[in-house]
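[1] My questions concern the predicted model and sequence given below.
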Amino acid sequence: MKTVTIYTDGACSGNPGPGGWGAVLRYGAHEKEISGGAAETTNNRMELTAVIEALRLLKEPCAVELYSDSKYVIDALTKGWARSWREKGWVKKDKKPALNPDLWETLLTLAETHELRCHWVKGHAENEYNNRCDELAVAESRRFA
């Protein structure tokens, strides 16, 4: 099984507001950057979209090392929150509806195809790939501002 390293980030100017996402995928000597955005969105939707779009590019099941500065994404995946929300009909422990069920459903389905290992990284720090993802995401968000 191939090991692919994915870095992702989302950005939003206002929350909600114009947003963007960016991702860098690395496999051996190969590197690919992708990005996109939306005119009216939230930061969390952009964080989720970055992971989804990166995973959609993988043509076969892979071992994925996912790096994100989003506690929302990393914690919901590693602590089983997102699976629990799905099992309970997209309702959280506090009986409130889980946000972004459409994106979580897509992400969980994609994640089941791969061996996903999640890593939280400090945003706007010294990780060059996280910083590059942030640049991509901010540039996309500005296209909609």
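    The structure has been received and is ready for your questions.

[2] Dihedrals phi and psi, Asp75?
    The phi/psi pair for Asp75 (degrees, to the nearest 10) reads phi -60, psi -40.

[3] tell me which element the residue located most distally from the centre of the chain falls in.
    Most distant residue from the mean C-alpha position of the chain: Lys95, 24.8 Å away (Cα atoms, centre = their mean). Lys95 is part of no helix or strand, with elements assigned from DSSP states H and E.

[4] May I have the residues that are in contact with it?
    By Cβ atoms under 8 Å, 6 or more residues apart in numbering, Lys95 lies in contact with nothing. In this view, the C-beta of every residue, glycine as well, is placed from N, C-alpha and C.

[5] Show the model's pLDDT score for it.
    pLDDT for Lys95: 94.

[6] longest helix of the protein?
    helix 128-143 (DSSP state H).

[7] Identify the residues contacting that one?
    With Cβ under 8 Å, 6+ apart, helix 128-143 has contacts from 7-13, 17-24, 26, 33-37, 46, 50, 67-69, 121, 123-125.
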